[in-house]
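> Below are the sequence and a predicted model for it; my questions follow.
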Number of protein chains: 2
Amino acid sequence: MSRRYNGPTLESVAAAAGVSRQTVSNVLNAPERVAPATRQRVEAAIRELNYRPNRLARSLRTRASRLLGYCYQPVTDGALNPVLDRFVHAVTEAAAAHGFHILLFTAPAGAAGLDRYAELLGQQAVDGFILSDTEVGDPRHAWLAERNVPFVSFGRTWTGEERGPWVDVDGAAGTAQAVRHLYELGHRRIAFLGWPEGSGAGDDRLAGYRSACESFGIPPLVARAEQGTEPGRAGADRLLATPDPPTAVVCVSDLCAYGVLRALGERGLRPGHDVAVVGFDDTPAAALPGIELTSVAQPVEQVGQAVVRLLLAQLGVLDPPDLSDHLLLRPTLTVRASTVPAGGPQPPDPPEPRRRHHAKDDDLVGGAAGHRPGRRRLRR
Amino acid sequence: MSRRYNGPTLESVAAAAGVSRQTVSNVLNAPERVAPATRQRVEAAIRELNYRPNRLARSLRTRASRLLGYCYQPVTDGALNPVLDRFVHAVTEAAAAHGFHILLFTAPAGAAGLDRYAELLGQQAVDGFILSDTEVGDPRHAWLAERNVPFVSFGRTWTGEERGPWVDVDGAAGTAQAVRHLYELGHRRIAFLGWPEGSGAGDDRLAGYRSACESFGIPPLVARAEQGTEPGRAGADRLLATPDPPTAVVCVSDLCAYGVLRALGERGLRPGHDVAVVGFDDTPAAALPGIELTSVAQPVEQVGQAVVRLLLAQLGVLDPPDLSDHLLLRPTLTVRASTVPAGGPQPPDPPEPRRRHHAKDDDLVGGAAGHRPGRRRLRR
DNA sequence: CACGCTAGTTTGAACGATCAAATCTGGGTA
DNA sequence: TACCCAGATTTGATCGTTCAAACTAGCGTG
């Protein structure tokens, strides 16, 4: 439609300042090479004309677009992932601090989506990628690593040796912290409601639960359910139907935990009073009145910053940080009424408070409601 | 670090096919100009070499980056806006369908952020902008319009004459629909809990409520509260403390509505049974067990598609749609237990079901809890 | 047979920056 | 005076594409 106004170029700034193209370029990219007097004259001209270097021309010449690709996976079960949305915000801000922007694109999950990565790469549209939604054995990591494409992953691939740098949240530490919190409140019968075996993050969170149980000398009790409130509710039902039901449930996700809250409500049990519940992710809904779910909060903003830092280091923009190319951040526990109801903590098992279970006897119950993995490899 | 592999160029494809640069370019951009036999030869070479045109070079020459700028406003009150997150997803997908990508950036709200827009524009980093988080009298619209910068806004500026094209959701129709839903359930005492006067969307939703009340001949009752569950709870308290308390509350947002649910709980009133509640936005938490909030759902995906369509039409990429440059989409009502509890609809006011109020007498009650605007301009 | 026309193709210039090498300018030294 | 050197600045080439104009056949027409 309307022809856009054609902005000033290096050449026009140079003319205005009475110097050559390259001197203006130097003022911008290597000021120390320019004599102070000249520099001031050029800077005045730049301000005068309100000059902004053309990103495209610069990128074409230097082969660096100053854009970082991030893929929006298609929305899975209608529900967005609030953790990832916060992540994108964090990444955008962190990148902006160094003059980088985020380029959003879409691609199908798994190997089918690799073509979109190849396309952006071939077009020189991005300098590198930020990955999330990492799957076990995610094909993207190996594919990118083989091609020497700079990238950083939020989440591990859980395949023995990781390809490329990653930042992740220590899920095992999170669930362990949840167990400790419940133990200190007096709970001795603490269950875990997890995902089916095979998801990296889910198995990690389970492992943290197990090792915490072991270190406190209490018996593990594990049920498994698919992600979602309805499966979570059903899983809680199975746990509550055991002969010696738990006084507390640690959940692999908030969504699961909401299902557990539902199950408690149906049985007339009050969260925090009768059965304590802990979720994972600290989603916005966890803080709502009527829910008030204690939950493990991922330091998403820190993850975003770290991801950008590692990626820019690869691109040579930042000095390589003297930390390694992977980073495991500790989550924190946000305590709410689902474990500590208003009016102070309630001791579990009112008839026999702080009753001591004998761990050895109960140790096998955990397998009842799900697969029992033969050997569980613990996090290093 | 590692020098990236230097991909094929137009020139190398041309050499492989035995034609000139420009012919290859024509095959890609204007195939009808090329003889069929030549075209096939060139296409084979392109596949052979896995050639992808360099986006930067193309953009530099054509002055079109095929990127659309979208600004992530800094997170306000810690809570993300789930509606906007869905919007970004929708926009990303819609843009991808036409070979466009989204460039994310950050800027402070209001006039302070204009500099970031100017920067991206001067750098030729984007072809246009997608605006959201529109404020009343948003300075961005006029600023961009004056400079002939292509943009489309999700949301109006509510300043009499709108500058530039926009897509929005008909909030008034949404609240009117909520009132109709409640009226048909038998409610005759329906209150509205809104934001303080002065927010475009809030006033719009209130106007829809008012006109629906008028058309059904029931008296309006309005309270106002800031956004958030706690203010919502307090607002509900004020409404429930009136001499003739409402049997239903339409809320300007889900967050407000969660506060209302809280207030009901504190008084031992059951949502849907004793007092019906309707929210606005249909946030993920609305569907959770234990909440089950009836809510006005914005057709965010449609908004995103429309925004992209209007923007690409401005850029000359799409034929200008034969619709005007603004579009008002109707929201839909998602009915849940907060108005229709399990076990079928409950008539309100059990002692005197379907009691008829006299609208004229009560009309002034609404002003009690908030500003009473002298003249309310209705949507055209 | 010269001419014009059209379809198909090629050539040179340009987009706006950076890189690499060349040039200019003084000042110190033999 | 001639020479060198370092600092400051300029020049020419280049990144990979598209635009605009020029060229080349091939063919029908007067």
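Ah, there it is.
> Can you name the element that comes right after the longest helix along chain A?
Longest among the helix segments of chain A by residue count, using DSSP state H, is helix A:200-216. Where DSSP states H and E defines the elements, the next helix or strand beyond helix A:200-216 is strand A:222-224.
> how far does that following strand sit from the chain's center?
The chain centre lies 24 Å from the centre of strand A:222-224; the measure is Cα atoms, centre = their mean, to the nearest Å.
> so what secondary structure elements neighbour it?
strand A:190-194, helix A:229-240 (3 or more Cβ pairs under 8 Å, 6 or more residues apart in numbering or on different chains; DSSP states H and E). All C-beta atoms are positioned from the backbone trio N, CA, C, and that covers glycine.
> Can you tell me which of the ones you listed is nearest to DNA strand C?
Across these, DNA strand C has its closest neighbour in strand A:190-194 (51.4 Å, Cβ to the nearest atom of the strand).
> can you list contacts of the closest one?
If you take Cβ atoms under 8 Å, 6 or more residues apart in numbering or on different chains as the criterion, strand A:190-194 is touched by A:175, A:179, A:182-183, A:202, A:205-206, A:209-210, A:213, A:218, A:220-225, A:232, A:235-236, A:239, A:246-252, A:256-257, A:260, A:366, A:370.
> Count the neighbours of the residue of the stretch 51-200 of chain A found nearest DNA strand D for me.
Here the stretch 51-200 of chain A gets closest to DNA strand D at one residue, A:Arg61, 3.7 Å apart by Cβ to the nearest atom of the strand. A:Arg61 is flanked by 10 other residues according to other Cβ atoms under 10 Å in any protein chain shown.
> what's near enough to touch A:Pro231?
Listed by Cβ under 8 Å, 6+ apart, the contact set of A:Pro231 reads A:225, A:256, A:259.
> at 7 Å instead, please
Taking Cβ atoms under 7 Å, 6 or more residues apart in numbering or on different chains, we find A:Pro231 in contact with A:225, A:259.
> ok, it to A:Leu206 distance?
Distance, A:Pro231 to A:Leu206, by Cβ to Cβ, to the nearest Å: 16 Å.
> coming back round to it: any idea which element the residue of the stretch 51-200 of chain A closest to DNA strand D lies in?
If you go by DSSP H and E, A:Arg61 is part of helix A:55-62.
> hey, C-alpha coordinates of that helix in PDB?
Extracted C-alpha coordinates of helix A:55-62, given in PDB (Å, rounded to 0.1, in the frame of the first residue of the first chain):
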ATOM      1  CA  ARG A  55      19.300  -5.400  10.800                       C
ATOM      2  CA  LEU A  56      18.900  -7.300   7.600                       C
ATOM      3  CA  ALA A  57      21.900  -5.800   5.900                       C
ATOM      4  CA  ARG A  58      24.000  -6.400   8.900                       C
ATOM      5  CA  SER A  59      22.800  -9.900   9.300                       C
ATOM      6  CA  LEU A  60      23.400 -10.700   5.700                       C
ATOM      7  CA  ARG A  61      26.900  -9.600   5.900                       C
ATOM      8  CA  THR A  62      27.800 -11.100   9.300                       C
END
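> So what touches that helix?
A:65-66, B:56-57, B:59-60, B:65, B:123-125.
> tell me what whichever helix or strand comes after that helix is packed against?
Per DSSP H and E, helix A:55-62 leads on to strand A:67-72 as the next helix or strand towards the C-terminus. In terms of contacts (3 or more Cβ pairs under 7 Å, 6 or more residues apart in numbering or on different chains; DSSP states H and E), strand A:67-72 is packed against helix A:82-96, strand A:101-106, strand A:128-131.
> please redo it, this time with the cut-off set to 8 Å
Packing contacts for strand A:67-72, counted by 3+ Cβ pairs under 8 Å, 6+ apart, involve helix A:82-96, strand A:101-106, helix A:114-122, strand A:128-131, helix B:82-96.
> Okay, now the sheet partners of that strand, with direction.
strand A:101-106 (parallel), strand A:128-131 (parallel) (DSSP bridges).
> My guess is A:Arg270 contacts A:Gly343. True?
No. Applying Cβ atoms under 8 Å, one finds A:Arg270 not in contact with A:Gly343, separated by 11.5 Å.
> Looking at these two now, which is surrounded by more residues?
Using other Cβ under 10 Å as the criterion, A:Arg270 and A:Gly343 rank with A:Arg270 on top: 13 against 9.
> can you map out the helices along chain A?
A:10-17, A:21-29, A:36-49, A:55-62, A:82-96, A:114-122, A:139-146, A:171-184, A:200-216, A:229-240, A:254-266, A:300-314, A:359-362.
> ok, and for stretch A:207-226, which residues are buried?
For stretch A:207-226, a neighbour-count test (16 or more other Cβ atoms under 10 Å in any protein chain shown) marks A:207-213, A:216, A:218-225 as buried.
> Taking these, tell me the two that lie furthest apart.
For the buried residues of stretch A:207-226, the farthest-apart pair by Cβ to Cβ is A:Phe216 and A:Ala225; their separation is 24.3 Å.
> wait, does stretch A:9-19 contact DNA strand C?
Yes. Judged by Cβ under 7 Å from any atom of the strand, stretch A:9-19 comes into contact with DNA strand C at A:9-11.
> Contacts made by stretch A:332-340 with the rest, please.
For stretch A:332-340, contacts defined as Cβ under 8 Å, 6+ apart pick out A:174, A:177-178, A:181-182, A:185, A:248, A:257, A:261, A:271-272, A:276-279, A:282, A:286-287, A:291-297, A:299.
> again with stretch A:128-139
Contact with stretch A:128-139 is made by A:68-71, A:73, A:81, A:84, A:87, A:91, A:102, A:109-111, A:114, A:117, A:140-141, A:144, A:149-159, A:166, A:198-200, A:307-308, A:311, A:314-315, as judged by Cβ under 8 Å, 6+ apart.
> Weed out the non-buried ones from those residues.
Applying 16+ other Cβ under 10 Å to the contacts of stretch A:128-139 flags A:68-71, A:73, A:81, A:84, A:87, A:91, A:102, A:117, A:140-141, A:144, A:149-158, A:166, A:199-200, A:307-308, A:311, A:314-315 as buried.
> need the contact list for the residue of the stretch 151-300 of chain A at minimum distance from DNA strand C.
Here the residue of the stretch 151-300 of chain A nearest DNA strand C is A:Phe151; by Cβ to the nearest atom of the strand that distance is 23.0 Å. Applying Cβ under 8 Å, 6+ apart, we find A:Phe151 in contact with A:128-131, A:140-141, A:144-145, A:164-165, A:311, A:314.
> from those, which two are the most distant?
In the contacts of A:Phe151, two members sit farther apart than any others by Cβ to Cβ. They are A:Arg140 and A:Gln314, at 15.7 Å.
> what does the stretch 51-200 of chain A have sitting close to chain B?
Taking Cβ under 8 Å from any Cβ of the partner chain as the contact definition, the stretch 51-200 of chain A meets chain B at A:51-57, A:59-60, A:63, A:65, A:67, A:72, A:74-75, A:79-80, A:82, A:85-86, A:88-89, A:92-93, A:96, A:101-106, A:119, A:122-125, A:147-150.
> ok, the residue in the stretch 201-350 of chain A that DNA strand C sits nearest to - how many residues close by?
Relative to DNA strand C, the nearest point of the stretch 201-350 of chain A is A:Gly316 (11.4 Å; Cβ to the nearest atom of the strand). Neighbour count of A:Gly316, defined by other Cβ under 10 Å: 11.
> next one: A:Val277
29.
> Excluding chain neighbours, give the residue nearest to it in space.
In space, and not counting its chain neighbours, A:Val277 is closest to A:Ser338: 4.5 Å by Cβ to Cβ, 6 or more residues apart in numbering or on different chains.
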